[in-house]
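> could you look at this predicted model? Sequence included:
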Amino acid sequence: MSVTEAVSEQQLEQIGKIMKDKLGKDLKQFKKPFLNRRISARMRSVGAKDGSEYAQLLASNENEPASLFKSFSINVTEFYRDPFVWECLSSKIIPEIAKKHTPLKVWSAGCASGEEPYSLAILLSEALGNKAKFSVVATDISAEAITRAKKGQYTNMNIKNLTPNLVSKYLISTAKDSYTVSDSIKQLVTFEQGDIMSYPIDKLDLITCRNVLIYYDKPAQELVFKKFHKSLAANGCLAIGQDETMMSVEAAKLFSCVFARERIYKKVEVQL
Ligand SMILES: C[S@@+](CC[C@H](N)C(=O)[O-])C[C@H]1O[C@@H](n2cnc3c(N)ncnc32)[C@H](O)[C@@H]1O
C-alpha cells in the first residue's frame, strides 16, 4: 500500500461491494486515487482507524453509505470559470452554432451550484438577446447542489470573473457580499437532478461538462463521451475542463478538436 492509499485493494473491493448492495452505486467507475482520498476524508470524519474499521461502519450504519457517496460530489465552481474559454464560446462557438434557424439547446452536465449554467444563460443573452432563441438545461447528481443552484445566491468570490457591467445587468445585490441571479436569467435555466449517464436528452447544440469526468476512470469516460456524441445535433460542440482530456479514449474519434487550449470539440458524423 502506498502512503497516499488509506485503504488496501481488498478493503476497496469490500467497500465497493457494500456501496453496491446498499445504494446500488458502482464505485468502479471512479479513479482509485480519488476514491482513496474521499474514503480517507470520511474515515477522518467518523474516526475510523483503518479501512477495515471503516468498512464495518459502512455496513452497519444506515447513513454512512449516503454520506460517503455525497463526498464524491466535488462542487468547486465559479461564474465564467477559466475566462478565456468563455471568451472563445462567445466569439467563436456561439456565432457558429447560432447560424441554424431553430432555438439553441445547451446542456450544463455536472452544473454543481449553478454558476456554469447561469454563465451560459448570461453569455447567450448577451450574444443572442432574445430568450426565445435558446434554452439551458442543467443537471447534477447531487440533490443539494441542485437546491443551491435553484436559489442562485452567490458571493463576491463566486462572481469575481464577471465584469461590473454583467453583475449590474444580471445579478441583484441583496446584502454585503451577497448576490442573487435575476429572475430573467433564472427563467432561462431548467435544473434537474440526474446522473449524466442516464439523463435523457438529445438534439443539443452545446454541452459543457467541465471538471466532472476528471474523477472517473477511462471506461466510464468512454461511455460518457459516446453518450454526448449521441445527444449532440449535427455540428454540436462539447466543452470539457482544463485538466481533462479526450486522448486515449476510443470515443475521441467521434469528435474533432476545434480549440485545443479551451478543450472545445465538435461532433464528427460517424455511425456507431
Ligand atoms: C467540480 S464540479 C464542476 C462544476 C462546473 N461544471 C465547473 O466546471 O465549474 C463537478 C460536479 O459534477 C457533479 N457530478 C459528478 N458526477 C456526476 C454524474 N455522474 N452525473 C451528474 N453530475 C455529476 C458533482 O456532483 C459536482 O457538482
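Cool, the structure landed. Residues are numbered from 1 along each chain as shown.

> just give me the neighbour total for the nearest residue to Gln242 once chain neighbours are set aside.
Once flanking residues are discounted, Gln242 sits nearest to Asp82: 5.5 Å by C-beta to C-beta, 6 or more residues apart in numbering. From N, CA and C alone the C-beta is placed, and that goes for glycine too. Applying other C-beta atoms under 10 Å, we find 18 residues neighbouring Asp82.

> if I look at Asp82, how far off is the ligand?
Distance, Asp82 to the ligand, by C-beta to the nearest ligand atom, to the nearest Å: 8 Å.

> 9 is where my numbering starts, stick with that
Sure thing, new numbering starts at 9, so read that last one as Asp90.

> right, and that residue touches Ile248 too?
No: checked against C-beta atoms under 8 Å, the pair Asp90 and Ile248 is beyond contact range at 11.1 Å.

> Val237 contacts Leu262, doesn't it?
Small correction: residue 237 is His, not Val. Yes: if you go by C-beta under 8 Å, His237 and Leu262 touch, sitting 4.2 Å apart.

> for the closest residue to Leu31 other than its chain neighbours, which residues are in contact?
Leaving aside its sequence neighbours, Leu31 sits nearest to Pro73 (C-beta to C-beta, 6+ apart; 5.0 Å). Listed by C-beta atoms under 8 Å, 6 or more residues apart in numbering, the contact partners of Pro73 are 26-27, 30-31, 66.

> if you set the cut-off to 10 Å instead, what comes out?
Pro73 makes contacts with 23, 26-31, 33, 66-67, as judged by C-beta atoms under 10 Å, 6 or more residues apart in numbering.

> rewinding a little: now do the shared contacts for His237 and Leu262.
In contact with both His237 and Leu262: 246, 273, 275-278, 280, using C-beta under 10 Å, 6+ apart.

> out of these, which end up buried?
Among the shared contacts of His237 and Leu262, those classed as buried by 16 or more other C-beta atoms under 10 Å are 246, 273, 275.

> unless I'm mixing things up, the last one is touching Lys234, no?
I take that to be Lys275. No: contact criterion C-beta atoms under 10 Å: Lys275 and Lys234 do not qualify, at 11.6 Å.

> which residues are common contacts for the two?
Counting by C-beta under 10 Å, 6+ apart, the shared contacts of Lys275 and Lys234 are Leu262.

> if we ignore the residues flanking it in sequence, what's nearest Arg271?
Once flanking residues are discounted, Arg271 sits nearest to Ile248: 4.7 Å by C-beta to C-beta, 6+ apart.

> the one you found: what's it in contact with?
Neighbouring residues of Ile248 by C-beta under 10 Å, 6+ apart: 93, 215-222, 229, 232-233, 236, 254, 263, 270-273.

> what sits opposite it in the beta ladder?
Here Ile248 sits in beta bridges with Cys217, going by DSSP bridges.

> how close does it get to Gln201?
According to C-beta to C-beta, to the nearest Å, Ile248 stands 22 Å off from Gln201.

> ok so, going back, got the buried residues for the host helix or strand of the residue nearest to Leu31?
Using DSSP states H and E, Pro73 sits within helix 72-78. Buried residues in helix 72-78, counting neighbours by 16+ other C-beta under 10 Å, are found at 72-73, 76-77.

> avg pLDDT for it?
Averaging pLDDT along helix 72-78 yields 96.

> nearest the middle, which residue of this protein would you pick?
Gly118 (2.2 Å; C-alpha atoms, centre = their mean).

> could you list the domains of the protein?
17-78, 91-275 (automatic domain parsing).

> which of those domains sits most buried?
Sort these by mean neighbour count, taking mean count of other C-beta atoms under 10 Å, and domain 91-275 sits at the top with a mean of 18.

> could you find the closest non-adjacent residue to Arg46?
Ser79 (4.9 Å).

> any idea how many residues pack against that neighbour?
Neighbour tally, Ser79, other C-beta under 10 Å: 14.

> shaky segments in this protein?
The chain contains residues with pLDDT under 70 at 9-13, 138-139, 279-280.

> rerun at 80
9-14, 138-140, 255-256, 279-280 (pLDDT under 80).

> which parts of it sit against the ligand?
By C-beta under 6 Å from any ligand atom, the residues of the chain that approach the ligand are 81-85, 89, 118-120, 124, 147-150, 153, 203-204, 218-220, 249.

> how about a cut-off of 8 Å?
Contact residues (C-beta under 8 Å from any ligand atom) of the chain with the ligand: 80-86, 89, 116-121, 123-124, 147-150, 153, 202-205, 207, 216-220, 222-224, 232, 249.
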